[in-house]
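K.L.:
just need the structure, nothing else, for what follows:
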Amino acid sequence: MDLRAFAVPKEKQLVTVHLLGGESTEGNIYLEFYPDARTLHQKVMAFLEDKTGFFPLSTGQTPDFINKHAIRMVEIHYPEEEEAFSLMHVELVTVIFRDGSQVSGDLLADVPEERRRLSDCLNLSFRFLCARTYGKLCYINKEAILKVIATGR
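P.N.:
Numbering: from 1, shown residues only. You can find the predicted model right below:
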């Protein structure tokens, strides 16, 4: 019997994981493979929002297992524009983390027209916020945030 027939296909994605203590590690995560036209953003959000507490980050021979609660931010170098982002509400913000570091960029939120205040975007039920900054997508753990400042449009 070939056990590979039971393997779940995965897509490898290079990321930089920033931890709460200030450490950063670059490596690969493994996203679920969806044969339909799901976007990278949807795959990453599904990966971060699933109920598992730990995930492997492949950095060489032996993977590190990262606790999602210990993540400050996950960065993906992604210069292309996803079509889904053109439909999202955008707020220019600066996120200040509990450790004093910060990141500025476009906060992206999939919210209806009547729920487009910054407070609505921040209070979505997701654990991670998505922001675009300098050709990167940043997935920010809300537990790591001290405050968010609206910096205009």
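K.L.:
all helices of this protein, in order?
P.N.:
40-49, 83-86, 118-122 (DSSP state H).
K.L.:
and these as CSV, adding mean neighbour count?
P.N.:
C-beta: built from backbone N, CA, C; applies to glycine. Formatted as CSV, the helices of the chain follow (neighbours: other CB atoms under 10 Å):
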stretch, mean neighbour count
helix 40-49, 17
helix 83-86, 12
helix 118-122, 15
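K.L.:
lowest average pLDDT across these?
P.N.:
Within those, confidence is poorest for helix 83-86, with a mean of 71 (mean pLDDT).
K.L.:
can I see the domain layout of the protein?
P.N.:
As assigned by automatic domain parsing, the chain contains the domains 10-77, 83-152.
K.L.:
let me have the helices of the chain in a markdown table, adding distance to Pro56 as columns.
P.N.:
Converted to a markdown table, the helices of the chain look like this (distance: least, CB to CB, whole Å):
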| stretch | distance to Pro56 |
| --- | --- |
| helix 40-49 | 12 |
| helix 83-86 | 27 |
| helix 118-122 | 30 |
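K.L.:
closest to Thr94 out of those helices?
P.N.:
helix 118-122 (11.8 Å; CB to CB).
K.L.:
which residues touch the closest one?
P.N.:
His89, Glu91, Val93, Leu107, Ala109, Val111, Leu129, Lys142, Val148, Ala150 (CB atoms under 8 Å, 6 or more residues apart in numbering).
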